[in-house]
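Chemist: Using only what follows, build the 3D model:
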Amino acid sequence: MNSFDFTKRNIRRTPYQALAASMVMFLTFLTLSLFIMMAFGSQQILRFYESKPQAIAFFKDGTTSTDVNAIKNALTQTDKITSFKFVSKDEALQIYKQRNKGNPMLLELVTANILPASLEISTKSPDDLKFVAEIVKKEPVVEEVVFPEDVVASLTQATSLIRMVGIAIVGFLIAFSTLIIVMIIGFKIRIKRDEIETVKLLGATNWFIRMPFLLEGIIYACLGAILGFIVSFLIFWYFESVLKTNLGEAVQNIIPLPIIFIGELLAIELLVAFLVGGLGSIIAVRRYLRI
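Modeler: Okay, here's the model as predicted:
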């Protein structure tokens, strides 16, 4: 028999310990997968808003193109502007129809005349929005200025919080999982002392005796990683529609998840699983296996 045969036999003989180890690994890597997805998603949403720092100035009726150009020139001189986009009343109506195409009652009540023309102003940095908005508000032809004053700051704080909490939780679970591997492999070594001594007397090398226990810990970890990976994607798939409904175009780079990200996530989880299972098994072998 080779090391893999011994490993399979060890797992079959103690199915409950194998199930317990695999479940702990599953919970650990499910949490790791969800944390990485949340961190990736929040980072992409943050980049979306950072790349589109925008203030929208709504004009009063009767505003002329000369008035709009004067505002553009004044803002350009601040050297904080990256682009302008003027939206006429007719264009505003088309945008309104597109956003409310599922509600015919709302479409019947709105015409281009009651919608204001507007100027979308993109700045170099989200920090410039407030400064630009204060300038535009002073213009007599401007009815109102809207800008996401706290959106980027709130997203930055949320992303940092997700990262810190996630790292702490995943770190704890990885340490706990390693200890579980140590205890289960150590327990199996203890109950197989007589068998180990017999195999040793028959001429088995130290490496041949240790290898089944090392492989067993790695198998538990990798199995848990694969199951956690699959379940995390099922959870993400279940909530896809909710994310699309509530976050709109901010999640256009997240849904569906990029193939490269999926491959990288699987590779990271298998690497971590190999390290956790291998480390736990090595500790158990060094601690309990005296040959």
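Chemist: For residue 284, which residues are in contact?
Modeler: Residues near residue 284 by C-beta atoms under 8 Å, 6 or more residues apart in numbering: 181-186, 189, 213, 217. Just so you know, the C-beta spots here come from the backbone N, C-alpha and C atoms, and that holds for glycine as well.
Chemist: and the gap between it and residue 198?
Modeler: When distance is defined by C-beta to C-beta, to the nearest Å, residue 284 is 20 Å away from residue 198.
Chemist: Do a quick rundown of the helices in the protein.
Modeler: Assigned by DSSP state H, the chain shows helices spanning 3-13, 15-51, 65-76, 89-99, 104-109, 129-137, 151-191, 193-201, 206-238, 240-247, 259-288.
Chemist: I'd like to know which of the ones you listed has the weakest mean confidence.
Modeler: Mean pLDDT is lowest for helix 104-109 out of the helices of the chain, coming in at a mean of 66.
Chemist: I'd say residue 142 and residue 55 touch.
Modeler: No - at 10.8 Å, residue 142 does not count as touching residue 55 under the criterion of C-beta atoms under 8 Å.
Chemist: Between those two, which has more neighbouring residues?
Modeler: Applying other C-beta atoms under 10 Å to residue 142 and residue 55 shows that residue 55 carries more neighbours, namely 25 against 21.
Chemist: Which residue is the nearest non-sequential neighbour of that one?
Modeler: residue 147 (3.7 Å; C-beta to C-beta, 6 or more residues apart in numbering).
Chemist: just residue 278 next, same as before
Modeler: Nearest non-adjacent residue to residue 278, counting by C-beta to C-beta, 6+ apart: residue 218, 5.5 Å away.
Chemist: Using the record, which stretches count as separate domains in this structure?
Modeler: Following automatic domain parsing, one finds the domains of the chain at 3-49+152-288, 54-124.
Chemist: Out of those domains, the one nearest residue 136 is which?
Modeler: With C-beta to C-beta, the closest approach to residue 136 among those belongs to domain 54-124: 4.8 Å.
Chemist: from the chain's centre, how far out does the closest one sit?
Modeler: Here the centre of domain 54-124 is set off from its chain's centre by 34 Å, with C-alpha atoms, centre = their mean, to the nearest Å.
Chemist: circling back: export the helices of the chain to JSON lines and tack on distance to residue 120?
Modeler: Listed next are the helices of the chain as JSON lines, based on distance: least, C-beta to C-beta, whole Å:
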{"stretch": "helix 3-13", "distance to residue 120": "62"}
{"stretch": "helix 15-51", "distance to residue 120": "14"}
{"stretch": "helix 65-76", "distance to residue 120": "12"}
{"stretch": "helix 89-99", "distance to residue 120": "11"}
{"stretch": "helix 104-109", "distance to residue 120": "23"}
{"stretch": "helix 129-137", "distance to residue 120": "11"}
{"stretch": "helix 151-191", "distance to residue 120": "15"}
{"stretch": "helix 193-201", "distance to residue 120": "74"}
{"stretch": "helix 206-238", "distance to residue 120": "32"}
{"stretch": "helix 240-247", "distance to residue 120": "20"}
{"stretch": "helix 259-288", "distance to residue 120": "31"}
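Chemist: Quick check: residue 11 touching residue 18?
Modeler: Yes - with contacts counted by C-beta under 8 Å, residue 11 reaches residue 18, the gap being 4.8 Å.
Chemist: what's the burial count for the closest residue to residue 192 other than its chain neighbours?
Modeler: Sequence neighbours aside, residue 10 is the residue nearest to residue 192 in space, at 7.8 Å (criterion: C-beta to C-beta, 6+ apart). Counted with other C-beta under 10 Å, residues neighbouring residue 10 total 20.
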